[in-house]
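A.B. asks: only geometry, no sequence info:
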Ligand SMILES: Nc1nc2c(ncn2[C@@H]2O[C@H](COP(=O)(O)OP(=O)(O)O)[C@@H](O)[C@H]2O)c(=O)[nH]1
Ligand SMILES: [Mg+2]
């Protein structure tokens with residue numbers, strides 16, 4: 001067994017209708033945490049799931065019978081942004097990571113994010129997709145979105161919405177108010193505000209696998225429209241009020 005490479009890490013997983021995926025995701029994550037991290041916690045965020053996610057989460061908590069695993073329940077559903085905020089503001093350790101519950105990322109790659117942070121002394125390590133398992137339309141929409149974010153806010157990263165990040169808690173403590181609830185805007189809002197506050201952001205490639213169970217909900221038209229309206233509202237606020 002390797003030596004732990006990090007003292008403490010909070011890990012959270014946003015879950016929306018992930019009854020078929022979350023057990024597998026957690027079973028893979030725990031051995032990795034035991035090997036790499038001295039002290040860790042896992043926060044499972046059930047964002048008003050309509051399937052049996054709640055029961056599965058209770059089972060996971062019992063199975064490991066640890067205080068290290070806690071569950072936050074939203075009822076009703078708040079959306080991806082709401083779930084991310086619950087995770088960020090309830091994480092107790094100095095380093096925070098989150099990733100998807102559906103198994104599309106390989107949690108063991110957290111070791112690469114940690115090593116990247118340690119070699120660069122960055123405050124935030126964000127993933128970019130080495131091979132993204134989504135449609136061409138999604139890739140084009142994301143690129144247009146990233147171009148608009150660059151024009152409006154000067155933020156340039158490879159994949160703004162990549163759902164695998166390692167965050168120093170001091171960023172979360174510095175940015176007490178994230179607004180995005182519904183929609184995918186939360187990732188952009190978080191990065192825009194972290195950059196504006198002067199934090200160092202670096203990127204690292206991560207693998208991405210097809211979803212095998214359940215349904216992706218992150219990209220329906222309502223989510224996209226809400227994300228654009230949030231983006232322009234933030235731009236207006238920063239330029240015409242004081243953010
Ligand atoms: N909390 C919350 N999580 C969501 C919601 N929609 C998706 N998620 C979670 O966010 C992650 C990514 O969502 P997914 O629909 O797979 O998006 P995609 O892989 O980016 O197309 C998964 O872990 C989902 O369970 C939502 O409305 N609320
Ligand atoms: Mg997914």
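C.D. replies: Received the coordinates, thanks. Keep in mind that what you see is a predicted model, and the values were worked out from it rather than measured. Ligands and ions are numbered 1, 2, ... in the order given.
A.B. asks: residue numbers of the protein in contact with ligand 1?
C.D. replies: 14-16, 18, 45, 47, 77, 79-80, 83, 100-102, 104, 163, 211, 216-219 (C-beta under 6 Å from any ligand atom). To be clear about C-beta, it is placed using only N, CA and C from the backbone, and glycine gets the same treatment.
A.B. asks: check the residues you listed one by one and keep those near ligand 2.
C.D. replies: 102, 104, 211, 216 (C-beta under 5 Å from the ion).
A.B. asks: ok so, going back, out of the residues of the chain next to ligand 1, list just those in helices.
C.D. replies: If you go by DSSP state H, those have 80, 83 in helices.
A.B. asks: narrow the residues of the chain next to ligand 1 to those that are buried.
C.D. replies: The neighbour-count test (16 or more other C-beta atoms under 10 Å) marks 14-16, 18, 45, 47, 77, 79-80, 83, 100-102, 104, 163, 218-219 as buried among the residues of the chain next to ligand 1.
A.B. asks: need the ones next to ligand 2 among the residues of the chain next to ligand 1 in TSV with pLDDT, can you?
C.D. replies: Putting those into TSV (pLDDT from 0 to 100) gives the following:
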residue	pLDDT
102	96
104	95
211	90
216	82
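A.B. asks: what about those residues, which are in strands?
C.D. replies: Judged by DSSP state E, strands contain none of these.
A.B. asks: and which of those is nearest to ligand 1?
C.D. replies: residue 216 (3.6 Å; C-beta to the nearest ligand atom).
A.B. asks: quick one: the residue lying closest to the closest one once chain neighbours are set aside and residue 189, what's the gap?
C.D. replies: The shortest distance from residue 216 to any residue other than its chain neighbours is 7.6 Å, reached at residue 102 (C-beta to C-beta, 6 or more residues apart in numbering). Distance, residue 102 to residue 189, by C-beta to C-beta, to the nearest Å: 22 Å.
A.B. asks: now residue 143
C.D. replies: For residue 143, the distance to residue 189 - C-beta to C-beta - is 19 Å.
A.B. asks: quick check: longest helix in the chain by residues?
C.D. replies: What stands out as the longest helix in the chain, according to DSSP H, is helix 221-240.
A.B. asks: is it up against ligand 2 anywhere?
C.D. replies: No - judged by C-beta under 5 Å from the ion, helix 221-240 makes no contact with ligand 2; its nearest approach is 12.8 Å.
A.B. asks: measure residue 210 to ligand 2 for me?
C.D. replies: Distance of residue 210 to ligand 2, given as C-beta to the ion, to the nearest Å: 9 Å.
A.B. asks: please read the previous query as pertaining to residue 75.
C.D. replies: Distance from residue 75 to ligand 2, by C-beta to the ion: 22 Å.
A.B. asks: pretty sure that residue contacts residue 45?
C.D. replies: No - with contacts counted by C-beta atoms under 8 Å, residue 75 stays clear of residue 45, the gap being 11.8 Å.
A.B. asks: what about the helices in this protein?
C.D. replies: 22-36, 53-64, 80-90, 110-120, 136-153, 169-174, 185-196, 221-240.
A.B. asks: got a pLDDT number for residue 6?
C.D. replies: Listed pLDDT for residue 6 reads 97.
A.B. asks: residue contacts, the nearest residue to it once chain neighbours are set aside?
C.D. replies: Excluding its sequence neighbours, the residue lying closest to residue 6 (C-beta to C-beta, 6+ apart) is residue 37, at 4.9 Å. Residues counted as contacts of residue 37 (C-beta atoms under 8 Å, 6 or more residues apart in numbering) are 4, 5, 6, 7, 8, 9.
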